[in-house]
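Engineer: only geometry, no sequence info:
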């Protein structure tokens, strides 16, 4: 059997919700443990660094704000990939994936908006400005809320998945706008400083805890995402059993 056939077989096996639940049960404890360790290490380095000469101790907001902002965009990207899997390949877990990810993405986006305002007040002298970066992130938050409301409003999971998938892919245009808004327009928000040509513009003392916290936040997202997918599978199974029991009672 070729390598491609083996990989396809493995992906097909993971498409089975029962196999996914078994896999989730085995990996979640490890993921949660590693996430907790990384947060402990990241917070230790965060609290032991000295304040910035310009920003003082308010620079510590960066260790929460920047990872949350990254995750707000990454979560939507995961949803877009899941939407493609739902529309193109009809993957059984694809719609479960993007439905489970939406509330998590909304929380990360809200954290990014709140911490950004807390950071912006001492740096810019104002809590909020309607510049390109902040406005596009706020639009992303509204998109998350709209998708959550849509999924809850529609009783048919398959129809909700199709409609949500289309809206997710249409809304994905906002992700590059968020990413490159500081380059395309004149904004108060600073340009990219972690990953850029010529190396990071952040001092190593601040970069180390920032990267550790970013990895911790990323693992936290995937841990929560798998847990949410597991809960959604269980919820659908319970709802299916209730519908079956109602039909049998009606016939009896």
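Structural biologist: That came through, no problem. This structure is a prediction, so every number in the text was calculated from the model and none was measured.

Engineer: use CA for all of it now, contacts and neighbours both
Structural biologist: Noted.

Engineer: hey, where'd the helices end up in this protein?
Structural biologist: Along the chain, the stretches classed as helices by DSSP state H are 3-14, 17-48, 62-87, 94-124, 132-153, 157-171, 174-184, 204-251.

Engineer: could I get those helices as JSON lines with mean neighbour count?
Structural biologist: JSON lines is the format used below for the helices of the chain (neighbours: other Cα atoms under 10 Å):
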{"stretch": "helix 3-14", "mean neighbour count": "12"}
{"stretch": "helix 17-48", "mean neighbour count": "15"}
{"stretch": "helix 62-87", "mean neighbour count": "21"}
{"stretch": "helix 94-124", "mean neighbour count": "21"}
{"stretch": "helix 132-153", "mean neighbour count": "18"}
{"stretch": "helix 157-171", "mean neighbour count": "17"}
{"stretch": "helix 174-184", "mean neighbour count": "16"}
{"stretch": "helix 204-251", "mean neighbour count": "16"}
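
Engineer: residues in contact with residue 164?
Structural biologist: 83, 147, 150-151 (Cα atoms under 8 Å, 6 or more residues apart in numbering).

Engineer: coming back round to it: same list (the helices of the chain) but as TSV, adding mean pLDDT.
Structural biologist: Shown next, in TSV, are the helices of the chain (pLDDT from 0 to 100):
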stretch	mean pLDDT
helix 3-14	52
helix 17-48	93
helix 62-87	94
helix 94-124	92
helix 132-153	93
helix 157-171	91
helix 174-184	86
helix 204-251	88
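
Engineer: identify the farthest-apart pair in the contacts of residue 164.
Structural biologist: 83 and 150 (14.7 Å; Cα to Cα).
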